[in-house]
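**Q** sequence below, structure please.
(one chain, ligands or ions: 1)
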Amino acid sequence: MEPPDPRIGTLLTSLPVDRHLLRWDLLASLAHLTSLAEAGVVPAPAAADLAQALRRMLGEAEAGTLVPGDGFEDVHSFIEATLTASLGPAAGWLPTGRSRNDQVVTAMRLDLKDRITCLVEAVITLQEALLERVREAVDVLVPGYTHLQRAQPVVLAHHFLAYFWMLGRDTGRLRDAYLRLDASPLGSGAIAGTGYPVDRARQADLMGFAGISENSVDATGDRDFVFETVAAVTGLLVHLSRWAEELVLWATREFGFIGLPDALATGSSLMPQKKNPDLLELVRAQAGVVLGSLVTLAVVQKGVAFGYSRDLQEDKAPVLAAFRSAGMAVAAMTLVVERMVIQPGRMREALRGGHLTATDVADYLVRRQVPFREAHRLAGQVVLAAEVAGCELWELPLEDYSRISPEFEIGVLDAVTPEGAVASKDVPGGTAPARVSQAMESARAALGVQRSWLIQVRVDQQAAVARLLGAAPE
Ligand code: ARG
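**A** Below is the predicted model:
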């Protein structure tokens, strides 16, 4: 066959976006070679030479001295060309019973396992930083907002813990994606499977996969594992985006709930007085970047003839972009969480003026057997009276309360303070300080579970590499 016209090279090549698969493809190649040698398909001397060359390349790849130059169609062709250059015809044994179609998905799954692990670790670090700030926020009250209008007082620690649990579900989704992609496609060949008696389970074990893929057409023809992973990353960044937006607002002079240290803010090239939250704005923007990647992945795969078609190659850049965005955003958010200056005084002030405890006036009446709708109406009158008097609900004289309903007694004045309001939300998951303390314990326990997952996964991954290097032909 004539070689491809060099003028179509840039469209054809995936090397600029699959170089990072070098290490993973070398590991997978070693596992493939080992199983071919164990099945007696590759003669022992060739297997030994190939294994030695692959080991050497692996070392060089890890040291950063083996870098695929341009001029290859992809990282897989680069590896084959490098082996051929050093071993000659013996290198020709390695492609036996394997196609780049199963090769690329094997390398990508290994790569994604590593990326997911690193991202989960980064999010856990963010959650740990957040739990530190939660500690100092147990005695701080802040307005909870609905419709961006002051709604009801909550404990600041409770508000922070909301993000903790959101992040916990994000890592949960990343781990779910990991669980599903943790299967070796090797042995699927181009589409039909391989014609050699390789032990697929053995290959999987040597690469640290939990199992093998069930169907060779599916394994080579579908990239939903990439989509699912990036979807999980998108979910994380959508959460970070909302949080960043909130902190941008909180850092305004209008709110003043937090201050940003100079090191995490930027100036204006024109206005000398400005201190801008660019960092948080960029965190906010990453959700858009990653969602773009997710849409790319979906649209590129949509309608593609099944099994493998080259369209699938376009999944590389979106993965790189998504994890780059996520890594930067999580790291930036961790710094902000560690270093933002909380302003409890400003939060306290914001609890005034908006009658945030009006619901507690109604709740007080309900406890005295007044039906809620009627209590709601009477509480509305109390709010009106406080407006007229120009005071807070807990400052309104008891006589004004009594004029509205004889059910009100002196205790109402405590019940409608911000402290009284939060104390009354004494249900699991509520903002009563005692419940928040319990929630902090649960959060710590949940983080422990996450950490153990992480440690286990890392141990398994490293053990597999050791197993592989030990089993490969000598
Ligand atoms: N780089 C390709 C991909 O990511 C793998 C190469 C498969 N090439 C082929 N002509 N079947 O899908």
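
**Q** every contact and neighbour count from this point should use C-alpha atoms.
**A** OK.

**Q** so what touches the helix or strand harbouring D49?
**A** Taking DSSP states H and E as the criterion, D49 maps to helix 44-63. With contact meaning C-alpha atoms under 8 Å, 6 or more residues apart in numbering, helix 44-63 is reached by 22-23, 26-27, 29-30, 33-34, 37, 66-67, 83, 86-87, 90-91, 93-94, 469, 472-474.

**Q** narrow those to those that are buried.
**A** By neighbour count, with 16 or more other C-alpha atoms under 10 Å, the contacts of helix 44-63 hold 22-23, 26-27, 29-30, 33-34, 37, 83, 90-91, 93-94, 469, 472-473 as buried.

**Q** can you give me the strands in the stretch 151-300 of the chain?
**A** 183-184, 211-212, 258-259 (DSSP state E, counting those that start in this stretch).

**Q** sheet partners, orientation included, of the last one?
**A** The partner list of strand 258-259 in its sheet, established with DSSP bridges, is strand 341-342 (antiparallel).

**Q** picking up where we left off before, which parts of the helix holding D49 are buried?
**A** In helix 44-63, counting by 16+ other C-alpha under 10 Å, buried: 46-55, 57-58, 61.

**Q** same question for it, mean pLDDT?
**A** For helix 44-63, mean pLDDT rounds to 98.

**Q** what does stretch 159-179 give?
**A** 98.

**Q** interface residues of the stretch 101-250 of the chain facing the ligand?
**A** Within the stretch 101-250 of the chain, the positions adjacent to the ligand are 101, 104 by C-alpha under 6 Å from any ligand atom.

**Q** cutoff 5 Å now
**A** Residues of the stretch 101-250 of the chain that fall close to the ligand, judged by C-alpha under 5 Å from any ligand atom: N101.

**Q** run through who's touching stretch 126-141.
**A** With contact meaning C-alpha under 8 Å, 6+ apart, stretch 126-141 is reached by 153-158, 160-161, 164, 167, 330-331, 333-334, 337-338, 344, 347-348, 418-419, 433, 436-437, 440, 444, 447.

**Q** and that stretch, which residues are buried?
**A** For stretch 126-141, by 16+ other C-alpha under 10 Å, it's 126-131, 133-134, 137-138, 140-141.

**Q** helices of the stretch 251-400 of the chain, start to end?
**A** Using DSSP state H, counting those that start in this stretch, the helices found in the stretch 251-400 of the chain span residues 278-301, 316-339, 344-349, 358-366, 372-389, 398-404.

**Q** can you add distance to A423 and mean neighbour count and give those helices back as CSV?
**A** Formatted as CSV, these follow (distance: least, C-alpha to C-alpha, whole Å; neighbours: other C-alpha atoms under 10 Å):
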stretch, distance to A423, mean neighbour count
helix 278-301, 33, 20
helix 316-339, 27, 19
helix 344-349, 16, 16
helix 358-366, 11, 22
helix 372-389, 19, 17
helix 398-404, 21, 15
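
**Q** do you know which of these lies nearest L454?
**A** helix 316-339 (16.8 Å; C-alpha to C-alpha).

**Q** anything in that closest one near the ligand?
**A** No. Helix 316-339 is not in contact with the ligand by C-alpha under 5 Å from any ligand atom; minimum separation 7.1 Å.

**Q** longest helix anywhere in the protein?
**A** helix 433-471 (DSSP state H).

**Q** please identify the most buried of the strands of the stretch 151-300 of the chain.
**A** strand 183-184 (a mean of 26; mean count of other C-alpha atoms under 10 Å).

**Q** contacts for that strand next, please.
**A** Contacts for strand 183-184 (C-alpha under 8 Å, 6+ apart): 106, 109, 200, 203-204, 209-213.

**Q** quick one: those as CSV, columns for pLDDT too.
**A** Listed next are the contacts of strand 183-184 as CSV, based on pLDDT from 0 to 100:
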residue, pLDDT
T106, 98
R109, 98
R200, 98
Q203, 98
A204, 98
F209, 98
A210, 98
G211, 98
I212, 98
S213, 98
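
**Q** tell me which two of those sit farthest apart.
**A** The largest separation in these, counting by C-alpha to C-alpha, is between R109 and R200 at 15.6 Å.

**Q** who has more neighbours, those two?
**A** Shown here are R109 and R200; by other C-alpha atoms under 10 Å, R109 has more neighbours (23 against 20).

**Q** give me the angle between the helix or strand containing the more buried one and helix 316-339.
**A** Element membership for R109, per DSSP H and E: helix 100-135. Angle between the axes of helix 100-135 and helix 316-339 is 10 degrees (criterion: axes from the mean of the first three to the mean of the last three C-alpha atoms, to 10 degrees).

**Q** so what's V465 up against?
**A** Neighbours of V465 in contact, by C-alpha under 8 Å, 6+ apart: 27, 206-208.

**Q** pick the one among these closest to the ligand.
**A** In terms of C-alpha to the nearest ligand atom, no member of the contacts of V465 lies closer to the ligand than L27, at 16.7 Å.

**Q** dump the residue contacts of that closest one.
**A** 58, 207, 465, 468.

**Q** distance of the third one from A90?
**A** Taking C-alpha to C-alpha, to the nearest Å as the measure, V465 falls 24 Å from A90.

**Q** then G187?
**A** In terms of C-alpha to C-alpha, G187 sits 21 Å off from A90.

**Q** show me what residue of the stretch 251-400 of the chain gets nearest to the ligand.
**A** Q313 (3.5 Å).

**Q** I figured that residue hits L12, correct?
**A** No. Using C-alpha atoms under 8 Å, Q313 is not in contact with L12, being 9.5 Å away.

**Q** between those two, which one's more packed in?
**A** Neighbours per residue, other C-alpha under 10 Å: of Q313 and L12, the larger number sits with Q313, 19 against 15.

**Q** neighbours of L21, how many?
**A** As a burial measure, L21 scores 22 neighbours (other C-alpha under 10 Å).

**Q** residues in contact with it?
**A** Contact analysis of L21 by C-alpha under 8 Å, 6+ apart lists 75, 107-108, 111.

**Q** so F225 sits against L181, correct?
**A** Yes. With contact defined as C-alpha under 8 Å, F225 counts as touching L181 (5.7 Å).

**Q** who's more crowded, those two?
**A** A side-by-side neighbour count of F225 and L181, using other C-alpha under 10 Å, places L181 first with 28 against 18.

**Q** and the stretch 301-450 of the chain, which of its residues are near the ligand?
**A** With C-alpha under 5 Å from any ligand atom as the criterion, the stretch 301-450 of the chain comes near the ligand at residues Q313.
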